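Trainee: Here is a sequence together with a model predicted from it:
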Amino acid sequence: MEKIDVDILISGAGIAGLSAACAFGSAGFSVLCVDPNPPVTSESDANSDLRTTAFLQPSKRLFESAGLWNRLEPHAAALQIMRIVDAGGASYEARDIADFDASDISDAPFGWNLPNWLLRREMLGRIDELDNVSFRAGTATTRLTTRQTEARVTLSDGQLVVAKLLLAADGRASNIRAQSNISVKTWRYGQKALAFSVTHTIPHNNVSTEIHRTGGPFTFVPMPDLDGKPRSAIVWMEKGARIRELLSLSVKQFEAEIFERSAHLFGPMNLIGRRTAWPIVSQLANSLVGQRTALIAEAAHVVPPIGAQGLNMSLADLSCLLDLAIADPQQVGSDAMLSKYQRARWPETRARVMGIDLLNRSSMAENPMLRDLRRAGLKTLHDIKPLRKTLMKAGLGAT
Ligand SMILES: Cc1cc2nc3c(=O)[nH]c(=O)nc-3n(C[C@H](O)[C@H](O)[C@H](O)COP(=O)(O)OP(=O)(O)OC[C@H]3O[C@@H](n4cnc5c(N)ncnc54)[C@H](O)[C@@H]3O)c2cc1C
């Protein structure tokens, strides 16, 4: 089999890998993206990823340059207000409500929410339009060797690929990271996230609502209406045993539980489709680079789904690499380019992983005194305007 030469080989076609293929392809680089699992692009498929992703403001610029925004915008629900609710008292009712309004810091909303299966469909559609980008489903990266000038990667079908830059977007158990001898630190919480969507009687008015009590946040993210009814995606984080219990409930019993846990803020709810459970960890690679290799997304960092940070950090990785590649295309994959990437992204990534770890632990608090402390902290962050604005900008990745 003849070897293939490309500028960029992407290992992994999750949303991060597909975004990278569209972004580097649109910038004129030759790209090959491979994944052993064909992406599922329809809502009704039994293996469909029914989660949604809230993309924050900075991702819009990347999606525009990748030729994706015009495809995504018609399906996106805007997120104008982030509402944090403390329901940590004796009953399930809301004790405090703190609104963070995007108009305090910008003319644009905080971000936009989109279903993951639809993102994959539109990203594959964009790849089809680009002659310089190829995608191979059913193919994994297997062996990696590197030289000063190139990465040499063998695929599961025996094909050799020679690339100037290898992007590891192959998820939290990344094969490329392991072969590059980059270790990770992992924090476990004994927690899982239940993801599902609902229709409800009280409109969401483009407000994303995070309700804190115990076990982790219960988050509503707005979606476009369904058959004239307000619809939201929900992520409910809880201890593993409680998630197993929730999965075993009948739909009727489950709807009663979510009505209670939502502090009754959206009225009675109807479950749409399946409930899916996701393991929750924090993880950080001890370096974002190896020779001719850059780690992005969950290959580099994993965080609990709080404040829509996970994939948005991944897109910030991607924007940084793309800017460096466009600024000096001859240097793509060089030590000089990769050191700049490491310097720009690692300290920020570490700070965000640690910050989200802290937020998650505070949201899990069971002790009433700790819950009261959390409530007081939230009130201070919200009520002092400069602090509130700084927090909002930091959440968007703007500081
Ligand atoms: C419940 C939940 C809700 C979330 N909500 C949000 C949100 O609102 N906003 C946000 O920013 N983030 C959110 N996140 C985080 C976000 O979903 C993740 O960051 C993102 O899905 C991870 O994408 P990824 O492409 O890095 O990894 P993955 O989706 O795991 O993709 C990795 C891909 O690599 C492939 N692969 C594995 N091995 C190989 C190999 N050897 N060769 C080639 N390919 C390989 C796999 O098949 C897979 O397709 C959420 C997470 C959870 C759990």
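Mentor: Thanks, I have it. Source: prediction; values computed, not measured.

Trainee: Leu391 and Ala20, how far apart?
Mentor: Per Cβ to Cβ, to the nearest Å, Leu391 is found 29 Å from Ala20. For glycine as for every other residue, the C-beta is placed from the backbone atoms N, C-alpha and C.

Trainee: Spatially nearest residue to Phe218 (excluding sequence neighbours)?
Mentor: Setting aside the residues directly before and after it, Phe218 is nearest to Ile211 in space (Cβ to Cβ, 6 or more residues apart in numbering), at 4.5 Å.

Trainee: Tell me the first helix or strand C-terminal of the helix or strand harbouring that neighbour.
Mentor: Assessed by DSSP states H and E, Ile211 sits inside strand 207-212. Note on strand 207-212: by DSSP H and E, the next helix or strand toward the C-terminus is strand 218-226.

Trainee: Going by neighbour count, list what's buried in that next one.
Mentor: Using 16 or more other Cβ atoms under 10 Å as the test for burial, strand 218-226 gives 218-223.

Trainee: which residues does Ser26 contact?
Mentor: 65-67, 130 (Cβ atoms under 8 Å, 6 or more residues apart in numbering).

Trainee: Between all of the residues you listed, which two are at the greatest distance?
Mentor: The distance between the two most remote of the contacts of Ser26 (Cβ to Cβ) is 12.9 Å, for Ser65 and Leu130.

Trainee: Compare those two (neighbour count), which wins?
Mentor: Neighbours per residue (other Cβ atoms under 10 Å) separate Ser65 from Leu130, with Leu130 holding more: 19 against 16.

Trainee: which SS class is the closest residue to Arg51 other than its chain neighbours?
Mentor: Closest residue to Arg51 apart from its sequence neighbours, by Cβ to Cβ, 6+ apart: Ala195 at 4.6 Å. Using DSSP: H, G, I helix; E, B strand; the rest coil, the three-state assignment for Ala195 comes out as strand.

Trainee: Leaving out sequence neighbours, find the closest residue to Asp357.
Mentor: Of all residues not flanking Asp357 in the chain, Ser282 sits nearest, at 4.9 Å (Cβ to Cβ, 6+ apart).

Trainee: Ile243 too?
Mentor: In space, Ile243 is closest to Lys192, 4.2 Å off (Cβ to Cβ, 6+ apart).

Trainee: With Val303 instead?
Mentor: Ile356 (4.4 Å).

Trainee: List the residues that contact that neighbour.
Mentor: 282, 303-304, 306-307, 309.

Trainee: Check whether the helix or strand of the chain with the lowest mean pLDDT comes near the ligand.
Mentor: Using mean pLDDT, DSSP states H and E, helix 385-396 stands out as the lowest-scoring helix or strand of the chain, at a mean of 74. No. On the criterion Cβ under 6 Å from any ligand atom, helix 385-396 is out of touch with the ligand, staying 11.2 Å away.

Trainee: Show me how far that helix is from its chain's centre.
Mentor: Using Cα atoms, centre = their mean, to the nearest Å, the mean C-alpha position of helix 385-396 is found 20 Å from that of the whole chain.

Trainee: who touches it?
Mentor: If you take Cβ under 8 Å, 6+ apart as the criterion, helix 385-396 is touched by 56-58, 82, 100, 102, 104-105, 110-111, 307, 309, 380-382, 399.

Trainee: any idea which of those has the most stuff around it?
Mentor: Gly111 (27 neighbours).

Trainee: which residue does the stretch 101-250 of the chain bring closest to the ligand?
Mentor: Nearest residue of the stretch 101-250 of the chain to the ligand (Cβ to the nearest ligand atom) works out as Gly171 at 3.2 Å.

Trainee: can you give me phi and psi for the residue lying closest to that residue once chain neighbours are set aside?
Mentor: The shortest distance from Gly171 to any non-neighbouring residue, by Cβ to Cβ, 6+ apart, is to Glu298 (5.0 Å). Dihedral pair for Glu298: phi -70, psi -10, per degrees, to the nearest 10.

Trainee: ok now do Glu298, which residues does it touch?
Mentor: Neighbour list for Glu298: 14, 16, 171-172, 174, 283, 310, 314 [criterion: Cβ under 8 Å, 6+ apart].

Trainee: so what's the nearest residue in space to Ser156 that is not next to it in sequence up against?
Mentor: Spatial nearest neighbour of Ser156, chain neighbours left out: Ala140 (4.3 Å); criterion: Cβ to Cβ, 6+ apart. Residues in contact with Ala140, defined by Cβ under 8 Å, 6+ apart, are 11, 34-36, 155-156, 175.

Trainee: One more pass at 10 Å, please.
Mentor: Shown in contact with Ala140 (Cβ atoms under 10 Å, 6 or more residues apart in numbering): 11-12, 34-37, 154-157, 170, 175.

Trainee: Could you list the contact residues of the stretch 1-150 of the chain toward the ligand?
Mentor: Counting by Cβ under 6 Å from any ligand atom, the residues of the stretch 1-150 of the chain near the ligand are 11-17, 34-37, 51, 53-54, 140-141.
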